[in-house]
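Peer 1: Quick one: sequence and predicted model below, then my questions.
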Amino acid sequence: MAERRSALPKILIAVYLIPVLFPFYWMLKSALETPADVYKPRLWLGSFTLENFDTLLRTTNFLVTASNSLKAALISSVIVVVCSGLGGYALARTNIPRKALIAQIVLFSYMFPEVLLGIPFFALFQKLGLLNSIWGLAIAHVTLSLPFGLWLMWQFYQALPKSYEEAAEIDGASKFQTFLLVMVPLSIPALTAVFIFAFAASWNDFVLGLMLIRDDQKFTLPIAMSLFVQQMELNWAVIQAANFLLALPGLLLVLFGRKYLVRGFQTSGLAN
Amino acid sequence: MASVAIEQVRKAYGSLEVIHGASIEINEGEFIVLVGPSGCGKSTLLRMIAGLENISGGTIRIGSRVVNDVPPKDRDIAMVFQNYALYPHMTVRANMAFSLRLRKTSQQEIDQRVERAANILGLQPYLARYPRELSGGQRQRVAMGRAIVRDPDVFLFDEPLSNLDAKLRVAMRTELKELHQRLKTTIIYVTHDQIEAMTMADKIVVMQGGVVEQFGRPLDVYDRPANLFVAGFIGSPAMNQIKGRIENGLFVADNGPSFDLSADYAKFNGCRVVYGIRPEDIVFSDQGAPAQVVVIEPTGSETQIIVRTGTTDISVVCRERIAVRPGDTLHLRPLADKVHLFDEETERRL
């Protein structure tokens, strides 16, 4: 009876994972099959080839757009991590008047759909000369994850005992030394969680990229992907190879940063 | 080491005053314990001495220097926190060396000081470990080591033993006292545990509601509590307190027996008082007042017996083993020269 009870959650998880993992499996299977085999209704791999990846990398500007996506994601993630860390610490530990209201307003900005954010960005960036620029896109991407990052870091620092800072203060550290030498190392799990979240938000963004980038040499991957469908004349094997490569960084980040993500969310009170 | 003088120190959060003019004079090398119930202001007072809380009024001197507006790092103090506050991302060695590195001390001197502190506290085998790899007692020692390496004028301890189990707490109490005898540095130590206060301190400061109720040597405070609060707080089991009046040289309880008083108290004839007698200052005697045994609590080394006389429960502690059962009758005779009398209205000692 006890064994049956302990097996039940595992069975439920396995059942749940089938619809979740199947699209990934189908994507990988299609990417590794010849284009002819993709259309055959078969559950298992019919043939094995890396030709689709070769075609993708040779005949499309995949690498250029991937590099654009990577640049935008890295720049925006670093900005989000720095601003969330400093901002969250300031909100948690300084006597800013109405700081709870400030934090709520910041989180409120998270509620705007991307399209609504894109229009003022377009007008503003046009005047600033940031339109059609990876830096401009990265700055726009910051708005996708900074509110959440700031909120998470605020909660994280609130949960940390003040005695660490007080001990550092008595030890002779300045405010900045305390932040840099004590608080930042203590907040690595939460900062990693923020980084992963910001990276994924920027890497997957379609709307802002479409509105703010015009030059096809500066397109990011999601936009380029939408063009591959026409460019590849519905060659689903190659498109699925591109899909797989698009999903890969996110998968790797979550895979290797999982423990930081969980620890970061836990210490910020966002998960139990 | 340095003396510390706290003169009429006040602390207020807005209109709420939590420390009401505390004054304490601490001599060089003394071990002072601030003791009191939760919320009495002892930790706040310690944090004010550390510079972690602003002072709303009064003066704090360390040595001859007024430190009211001196930042914590310039007060030449070291503090051990209740949760130790060891930096989790640093090894024991790095934790101990942190303050010295910030002060740009030479590597050679850092190594010497860390080694010396590690030797004193038996931390040599753990220098390369991280705090999470240490037991509670070892973390406690590292926290002390971090304070020792700085060679400060004053050590401040904020309930450092409260996270340890009972056995380790007793062991660390002895270690701390031994450490003080060795270093001879001024120590100000906060605890809510009156046993800790009595066993470790040169002098204790009993606080309640932001007020210093009494300041003195532990046995003086025990033998001559200044008021009812101190009488009840210091001592375990607590002092028996019985309300009544003085009549013809006797104490007459409101709902119970009458007890002898020494001749010194004759001048208070007719006064309403609270009669205090410690449980160990009551003996059994055939001429004593009869009382019924309610509860017997043997601890091995002594036996605590709760007896009832009239409607008053009285706690008695006897060293010898005694064969009584609940419901038996004993005759109590409090030792007249050990009686404490307090004014019922002011609660001050008479």
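Peer 2: Cool, the structure landed. Numbering: from 1, shown residues only, chains lettered A, B, ... in the order given.
Peer 1: The chain: helices as residue ranges?
Peer 2: All of this is about chain A. Here chain A has its helices, by DSSP state H, at A:2-31, A:35-38, A:51-59, A:62-93, A:99-108, A:114-128, A:134-159, A:163-171, A:175-177, A:184-186, A:188-204, A:207-212, A:221-231, A:236-267.
Peer 1: let's do chain B instead
Peer 2: B:42-50, B:92-102, B:107-121, B:136-148, B:166-183, B:194-200, B:218-223, B:228-233.
Peer 1: Would you mind telling me which of these is nearest A:Ile223?
Peer 2: helix B:92-102 (48.0 Å; C-beta to C-beta). Yep, even glycine has a C-beta here, placed from its N, CA and C like the rest.
Peer 1: returning to what we had before: now mean pLDDT, distance to B:Ala85 and mean neighbour count too, for the helices of chain A, in TSV please.
Peer 2: Below are these laid out as TSV (pLDDT from 0 to 100; distance: least, C-beta to C-beta, whole Å; neighbours: other C-beta atoms under 10 Å in any protein chain shown):
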stretch	mean pLDDT	distance to B:Ala85	mean neighbour count
helix A:2-31	87	39	11
helix A:35-38	84	60	16
helix A:51-59	90	53	17
helix A:62-93	95	15	20
helix A:99-108	82	25	13
helix A:114-128	89	42	14
helix A:134-159	92	15	23
helix A:163-171	94	4	23
helix A:175-177	92	16	12
helix A:184-186	93	11	16
helix A:188-204	92	18	23
helix A:207-212	93	43	21
helix A:221-231	84	46	17
helix A:236-267	83	17	18
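Peer 1: Now do B:Lys167: how many residues are near it, please.
Peer 2: 9 (other C-beta atoms under 10 Å in any protein chain shown).
Peer 1: One more: A:Thr34?
Peer 2: By the criterion of other C-beta under 10 Å, A:Thr34 has 14 neighbours.
Peer 1: Then B:Ala2?
Peer 2: B:Ala2: 20 neighbours (other C-beta under 10 Å).
Peer 1: show me what contacts it?
Peer 2: Shown in contact with B:Ala2 (C-beta atoms under 8 Å, 6 or more residues apart in numbering or on different chains): B:Glu28, B:Ile62, B:Gly63, B:Asp76, B:Asp153, B:Val154, B:Thr186.
Peer 1: Can you tell me how far it is from chain A?
Peer 2: Distance check for B:Ala2 against chain A: by C-beta to the nearest C-beta, to the nearest Å, it reads 16 Å.
Peer 1: B:Leu100 against B:Arg150, yeah?
Peer 2: Yes. Applying C-beta atoms under 8 Å as the test, B:Leu100 and B:Arg150 come out as touching, 7.3 Å apart.
Peer 1: How about the residues of the stretch 101-250 of chain A by chain B?
Peer 2: Contact residues (C-beta under 8 Å from any C-beta of the partner chain) of the stretch 101-250 of chain A with chain B: A:161, A:163-164, A:166-173, A:177, A:181-182, A:185-186, A:188.
Peer 1: and the residue most central in space within chain A, what does it touch?
Peer 2: Taking C-alpha atoms, centre = their mean, the centroid of chain A lies closest to A:Ala200, which sits 1.3 Å from it. By C-beta under 8 Å, 6+ apart, A:Ala200 lies in contact with A:Gly250, A:Leu253.
Peer 1: how about a cut-off of 10 Å?
Peer 2: By C-beta atoms under 10 Å, 6 or more residues apart in numbering or on different chains, the contact set of A:Ala200 is A:Ala73, A:Ser77, A:Leu144, A:Ser145, A:Pro249, A:Gly250, A:Leu253, A:Val254.
Peer 1: Now the fourth one: closest residue in space, sequence neighbours ignored.
Peer 2: Excluding the flanking residues, the one nearest A:Ser145 by C-beta to C-beta, 6 or more residues apart in numbering or on different chains is A:Ala198, at 3.9 Å.
Peer 1: didn't the one you found look like it was pressed against A:Leu146?
Peer 2: Yes. Judged on C-beta atoms under 10 Å, A:Ala198 makes contact with A:Leu146 at a distance of 7.8 Å.
Peer 1: Spatially central residue for chain B, please.
Peer 2: B:Ala197 (3.0 Å).
Peer 1: Out of the helices of chain B, flag the one nearest B:Val67.
Peer 2: B:Val67 lies closest, by C-beta to C-beta, to one member of those: helix B:42-50, at 8.2 Å.
Peer 1: quick check, the closest one touching chain A?
Peer 2: Yes. Using C-beta under 10 Å from any C-beta of the partner chain, helix B:42-50 reaches chain A at B:Arg47, B:Ala50.
Peer 1: Next, the angle from that helix to helix A:163-171.
Peer 2: Here helix B:42-50 runs at an angle of 30 degrees relative to helix A:163-171 (axes from the mean of the first three to the mean of the last three C-alpha atoms, to 10 degrees).
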